[in-house]
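Trainee: just to be clear, the model below is a prediction. Sequence and coordinates:
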Amino acid sequence: WLENMDKALGITDLSDEEKKKVAGSNGNSVAVCIGTTTANKCLASGRWESNDIYYPAVDPGMTGWVESCYMAAGDVMERDFWGGGW
């Protein structure tokens, strides 16, 4: 995902630190990860806030990921309804 965003934004030549500073460098999206390993990678990238990363803390794998997708979708709709993040 980040490689695609870097290409779309024309920032492939920037360092990782410089990419973090580019507005929308994560595609203005939440990250829904299959487990804690990928969630930690997203957080370590510095391109997502922790409250924009969803993952199954108890049941990693496909079932937990799907449940995390539902949670993320609900949160995104609620943020949109109330007009902001948290």
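Mentor: Thanks, I have it.

Trainee: switch to C-alpha atoms for all contacts and neighbour counts from now on
Mentor: Will do.

Trainee: give me the number of residues near residue 81?
Mentor: 9 (other Cα atoms under 10 Å).

Trainee: wait, a helix at it?
Mentor: Yes. Residue 81: assigned to a helix according to DSSP: H, G, I helix; E, B strand; the rest coil.

Trainee: pLDDT (mean, whole number) over stretch 11-29?
Mentor: The average pLDDT for stretch 11-29 rounds to 88.

Trainee: outside of that stretch itself, list whatever touches it.
Mentor: 1-3, 5-6, 9, 45-48, 52 (Cα atoms under 8 Å, 6 or more residues apart in numbering).

Trainee: try it again with 10 Å
Mentor: Applying Cα atoms under 10 Å, 6 or more residues apart in numbering, the contact partners of stretch 11-29 are 1-9, 42, 45-48, 52-53, 76.

Trainee: let me see the ranges of the strands in the protein.
Mentor: With strands called from DSSP state E, the chain shows them at 31-32, 53-54.

Trainee: report the strands that pair with the first one, each with its relative direction.
Mentor: Read that as strand 31-32. strand 53-54 (parallel) (DSSP bridges).

Trainee: contacts for the partner strand, please.
Mentor: 29-36, 38-40, 42-43, 65, 67-72.

Trainee: nearest to residue 61, out of the strands of the chain?
Mentor: Shortest distance between residue 61 and those, using Cα to Cα, is found for strand 31-32: 11.7 Å.

Trainee: circling back to that earlier point, mean neighbour count and distance to residue 22 added to the strands of the chain, as CSV?
Mentor: Rendered in CSV, the data for the strands of the chain read as follows (neighbours: other Cα atoms under 10 Å; distance: least, Cα to Cα, whole Å):
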stretch, mean neighbour count, distance to residue 22
strand 31-32, 24, 17
strand 53-54, 20, 19
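
Trainee: for those strands, give me JSON lines that also has distance to residue 16.
Mentor: What follows is the strands of the chain, written out as JSON lines (distance: least, Cα to Cα, whole Å):
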{"stretch": "strand 31-32", "distance to residue 16": "18"}
{"stretch": "strand 53-54", "distance to residue 16": "19"}
